[in-house]
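Colleague: predicted structure and sequence below. I'll ask about it afterward.
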Amino acid sequence: MRKYWMGLLVMIVFIAIIAVITVFLIRFKPQPPTGEMEYAREKLSNAGAMGADTYSRKIYSQATAFYDSAMTNWQRENRKFILFRDYEKVAVFAEMSARKASEAAEISRSSSINLEIKVKEKIDTLNKLVLSINKLFSSYPLTPEIRNRISRGKLLLREGEHQYQKGQFLQANKHITDSEYLLTESYENARSDLENYFKRYPSWKKMTEMAITVSRRNKDYSILIDKFSRKCLIYLGGVKKYEFDTELGNNWVGDKRHRGDNATPEGIYSVTGKFSGGKTKYYKALLIDYPNEKDKERFRTEVAKGSLPASARIGELIEIHGGGGRGIDWTEGCIALTDSEMDTVYKIIKVGTPVTIVGSTVDLDHALER
């Protein structure tokens, strides 16, 4: 019996010791900084949601690295005996991560606001540029490459505007930047081509003045075609009596070089024939004497130099005719009026009436103000 009680006492003491040790371990074991780690996670998540990986990549990367270091140290300490664990470094790294994440979030917030303003300014500027392009070059015969780049630039601008409205400023900025490059470069190239074309204005001015002078001197009609403004101006006695909109060849810039180039010629001509009814497929027509001797000489020179092939032909049958009013340049080099306008012109113009065709009757600055 005594042996029994002694065994029981030892067991009770043993249990008591285990209980004391357990209470001690529970009470005094090092506690991991779960609160600090959760706080750091929240700050990192917030910074990420604000685009810190883009707006503040370096600081955000530091915050992430500090959090990873905290996790690594936590795992290392957890592998130690419970009384030997030390979570001080874990807490320090967690605090540093939270601080850097907060800094990255603030920078991102500020950068996002600045980007929003920047993108809006770019959108407004590019929309103005598009208006200028449409005004100057909607009917100007640009190269297919430039026309395609303008179309792509407009499409990217629309996509960027849509993303801006949805608050996707980073994506919007990318599309707007690409649009800016395409539209700006295309506009500059097209504007350069236009300016080169208008270097011929001094000769156009002389031809315009001569056409009006001849009308005044002869007290008769004279036809003046302004290709850039798409106008047919009819003078009587040096005074403008009629002004009609015209449609030209779809490759109207510059001189007509050869048959099939769809260019409307430039020069001083005269009416050599009048056709109506079944004699023309365009209601009524006035035939002009293209090519004149100057046109022929220029054509022969180009063939001799090799800038035109030997098989090229100079072309002919340039008319002022009806069938116009389509709103686009569509002829093969002729000048189209509406049928009702052609009635008026056909009635007052006779064979021998001078016809002067110029790129513009005014210089480039004034032409752009129209």
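Modeller: Cool, got the structure.
Colleague: show residues contacting stretch 96-109.
Modeller: With contact meaning CB atoms under 8 Å, 6 or more residues apart in numbering, stretch 96-109 is reached by 36, 39-40, 43-44, 46-47, 50-52, 54-56, 59-60, 62-64, 66-67, 70. C-beta coordinates here come from the backbone N, C-alpha and C atoms, glycine included.
Colleague: which elements pack onto the lengthiest strand in the chain?
Modeller: Ranked by residue count under DSSP state E, the longest strand found in the chain is strand 267-276. Under the contact definition 3 or more CB pairs under 8 Å, 6 or more residues apart in numbering; DSSP states H and E, strand 267-276 sits against helix 201-218, strand 284-288, strand 354-358.
Colleague: let's see 6 Å
Modeller: strand 284-288, strand 354-358 (3 or more CB pairs under 6 Å, 6 or more residues apart in numbering; DSSP states H and E).
Colleague: re earlier: among the contacts of stretch 96-109, which ones are buried?
Modeller: 36, 39-40, 43-44, 46-47, 50-52, 55-56, 59-60, 62-64, 66-67, 70 (16 or more other CB atoms under 10 Å).
Colleague: now, which of the residues you listed lie within strands?
Modeller: Per DSSP E, those never map to strands.
Colleague: could you check how far Arg147 is from Ile348?
Modeller: Arg147 sits 39 Å away from Ile348, going by CB to CB, to the nearest Å.
Colleague: isn't there a strand covering Cys232?
Modeller: Yes. Under DSSP: H, G, I helix; E, B strand; the rest coil, Cys232 falls within a strand.
Colleague: what number of residues lie near it?
Modeller: Other residues lying near Cys232 total 22 when counted by other CB atoms under 10 Å.
Colleague: how close does it sit to Asn196?
Modeller: 25 Å.
Colleague: and for Lys206?
Modeller: 19 Å.
Colleague: and if you look at Arg109?
Modeller: 49 Å.
Colleague: in terms of neighbours, single out the busier of those two.
Modeller: Arg109 (17 against 11).
Colleague: Asp245 bridge partners, please.
Modeller: Going by DSSP bridges, Asp245 is paired in beta bridges with Lys231.
Colleague: checking my notes, Ile225 in a helix, right?
Modeller: No. Looking at Ile225 with three-state DSSP, it is strand, so not inside a helix.
Colleague: what sits closest to it if chain neighbours are left out?
Modeller: Ile357 (4.3 Å; CB to CB, 6 or more residues apart in numbering).
Colleague: what does the pLDDT read for that neighbour?
Modeller: On pLDDT, Ile357 comes in at 97.
Colleague: hang on, it packs against Glu266?
Modeller: Yes. Under the criterion of CB atoms under 6 Å, Ile357 makes contact with Glu266 at 5.1 Å.
Colleague: for the residue nearest in space to the middle of the chain, which residues are in contact?
Modeller: What sits nearest the mean C-alpha location of the chain, by CA atoms, centre = their mean, is Gly153, with 2.7 Å. Applying CB atoms under 6 Å, 6 or more residues apart in numbering to Gly153 gives the contacts 179, 182-183.
Colleague: got the helices and strands packed on strand 267-276 as a markdown table, with distance to Leu337 and mean neighbour count columns?
Modeller: What follows is those, written out as a markdown table (distance: least, CB to CB, whole Å; neighbours: other CB atoms under 10 Å):
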| stretch | distance to Leu337 | mean neighbour count |
| --- | --- | --- |
| strand 284-288 | 9 | 24 |
| strand 354-358 | 13 | 24 |
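Colleague: good, we can wrap up now.
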